[in-house]
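Enquirer: Fold the following for me, if possible:
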Amino acid sequence: MPSDHDSGPASGALLSCLGFPGWGGLHLVVPSRGQPFALARRLRLCQRSEGADGGQLLPALLRLHRDLEPLNPAQWPWAGESATAWPRTWGHRYLLICRWGAATPLRIAAWQRQGDAGGWTRLCPPIPLSCFGERFPAPPADGPGRAPGGTDQETTRATPRPTTIRAMAPTAQ
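Expert: From the prediction side, this is the model:
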């Protein structure tokens, strides 16, 4: 059961993914558990359970976390005229970049919403994904975003069946 913190007005996020082979720029809405420590845990679960690294992280993320939804290009908030165009439910923004062939192919940057006016403060510049979880460690067990006992419960209902996973693969690689 999500804690009050996870279901609060700013628990969602926007995750922009760029540079992944076979995928164009993709902007994903993270409807809940969008705090940095929770996103770091999601990404770590993908790398650990799927063995996904580099260009394979995005497909693994979509397979493992079915609550992520692509953002309709007609609703891109940065095309709006003011900061209020950004949904109030997004407390964070992330930019996940895959630089194929680089020594550290995955980098991530993070921003946090400041107040209702929609201003954004940078939490971290683009850093290697491996450092992201260290920069934003999870709160203690039974804290916000954690199930009782401190276990990760994010993939129990969201994990698709193997036939669904094959159907989600991109057509152009």
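
Enquirer: Show me where the chain has its strands.
Expert: 12-18, 26-30, 69-70, 90-98, 106-114, 119-128 (DSSP state E).

Enquirer: which one of those strands lies closest to Gly51?
Expert: strand 106-114 (14.0 Å; C-beta to C-beta). Quick note: C-beta positions are derived from backbone N, CA and C, even for glycine.

Enquirer: What pairs with that closest one, parallel or antiparallel?
Expert: Each strand paired with strand 106-114, and its direction, by DSSP bridges: strand 90-98 (antiparallel), strand 119-128 (antiparallel).

Enquirer: just these: most buried one?
Expert: Stretch with highest mean neighbour count among the strands paired with strand 106-114: strand 90-98 (a mean of 21; mean count of other C-beta atoms under 10 Å).

Enquirer: got a list of what Leu28 touches?
Expert: Shown in contact with Leu28 (C-beta atoms under 8 Å, 6 or more residues apart in numbering): 14-17, 68-71.

Enquirer: Send over stretch 59-69 as CSV, restricted to the C-alpha atoms.
Expert: Provided in CSV are the C-alpha atoms of stretch 59-69 (Å, rounded to 0.1, in the frame of the first residue of the first chain):
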residue,chain,number,x,y,z
PRO,A,59,13.2,-1.5,-22.9
ALA,A,60,13.8,-3.2,-19.5
LEU,A,61,12.3,-0.2,-17.7
LEU,A,62,9.2,-0.4,-19.8
ARG,A,63,8.9,-4.1,-19.3
LEU,A,64,9.4,-4.1,-15.6
HIS,A,65,7.4,-1.0,-14.7
ARG,A,66,4.1,-0.9,-16.5
ASP,A,67,2.8,2.1,-14.7
LEU,A,68,5.1,4.4,-16.8
GLU,A,69,3.1,6.2,-19.5
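
Enquirer: Buried residues, that stretch. List them.
Expert: 59-65, 68 (16 or more other C-beta atoms under 10 Å).

Enquirer: Now, the residues you listed that are in helices?
Expert: 59-64 (DSSP state H).

Enquirer: what's the closest of the residues you listed to Gln114?
Expert: The closest of these, once distances to Gln114 are taken by C-beta to C-beta, is Leu61, at 27.0 Å.

Enquirer: give me the number of residues near Thr104?
Expert: Residues near Thr104, counting by other C-beta atoms under 10 Å, number 12.

Enquirer: Give me the distance between it and Leu129.
Expert: Using C-beta to C-beta, to the nearest Å, one gets 8 Å for the distance from Thr104 to Leu129.

Enquirer: That concludes my questions; thank you for your assistance.
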